[in-house]
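[1] Following is a predicted model, sequence given first.
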Amino acid sequence: MSSTQTLRPDSRKTDSGQVDSKRLTRRGFTLMGLAGVTTIAACGNGVGSGGAGKIDARVEATLAQMYNEFPNTVDLSRKSSGMLIMPLVTEAGFGLGGAYGRGALQVNGVTVDYYSNTKITGGFQIGALQYAHVLFFMTDDALSDFRRGSGWTAGADIGYVVSDQGDSISADTNTLRSPVLAAVFGQAGLHVGATLEGSKYSRIIP
């Protein structure tokens, strides 16, 4: 299994065009928990599904976008025990559809495993929606629970980063206690009201 070193957010410098975490106090967070019963989505083991290098490159680009557009995620990443970065999830279907993506789990800025993300979606839907998301495991127990099982399904204990007004994002201390936090974003910014309920994550060997 390959191990990829990722630059930690606190080492980013302004003069190189990267995020300076010391200047990221102008935005806050609004986080809220979304409750519900989760549904396990079908998935494969992912062996031979693509190269690790392609996933690594997309992970780096996704982190750069997130830190640049939503600077307070730098503080979240610094406090977390680990992060799962899913660079590109495609959700599509007519009627009953589904979503699929691949990403990497990082601990202390180093990729330790690769994961697939699958989800069955309901409701009327035409076309495809593409988005990225990052899960922040805020406790060692939450990270251990994620890695221990053969598959982990997102549930009601996740807190979601939600855009406030305009460019402003603020922090809800109640949801900051959630063991797992999530940021779901795309080209248009944070996806307000987005939920990962029913998304299943399984370790793969790319």
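    Thanks, I have it.

[2] Gln106: how many residues sit nearby?
    23 (other CB atoms under 10 Å). Heads up, the C-betas are built off the backbone N, CA and C, glycines and all.

[3] Past the lengthiest helix in the chain, which element shows up next along the chain?
    The single longest helix within the chain, with elements called by DSSP state H, is helix 52-69. Using DSSP states H and E, the helix or strand that follows helix 52-69 towards the C-terminus is helix 73-79.

[4] Now that following helix: average pLDDT?
    For helix 73-79, mean pLDDT rounds to 90.

[5] If you count neighbours, what's buried in the helix or strand just after that helix?
    Note on helix 73-79: by DSSP H and E, the next helix or strand toward the C-terminus is strand 82-92. Residues of strand 82-92 classed as buried: 82-89, 91 (neighbour count, 16 or more other CB atoms under 10 Å).

[6] got a list of contacts for strand 82-92?
    55, 58-59, 61-63, 77, 97-107, 112, 115, 117, 119, 121, 125, 127-137, 143, 146, 201 (CB atoms under 8 Å, 6 or more residues apart in numbering).

[7] Buried subset of the residues you listed, written for ChimeraX?
    Only the buried entries of the contacts of strand 82-92 go into this ChimeraX selection, using 16+ other CB under 10 Å:
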select :55,58,59,62,63,77,97,99,100,101,102,103,104,105,106,115,117,119,121,129,131,132,133,134,135,136,137,143,146,201
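
[8] What about the contacts of strand 82-92, which are in strands?
    97-107, 112, 115, 117, 119, 121, 128-137, 201 (DSSP state E).

[9] Among the buried residues of strand 82-92, list the two that are farthest apart in space.
    Distance extremes for those: the farthest pair is Gly82 and Glu91 at 24.7 Å, using CB to CB.

[10] Report the beta-bridge partners for Ala104.
    When assigned by DSSP bridges, Ala104 has beta-bridge partners Ile85, Tyr114.

[11] From Ala132, how far off is it?
    12 Å (CB to CB, to the nearest Å).

[12] just Trp152 next, same as before
    18 Å.

[13] Please apply the same query to Pro87.
    5 Å.

[14] Which pLDDT value goes with Leu7?
    pLDDT at Leu7 comes out at 45.
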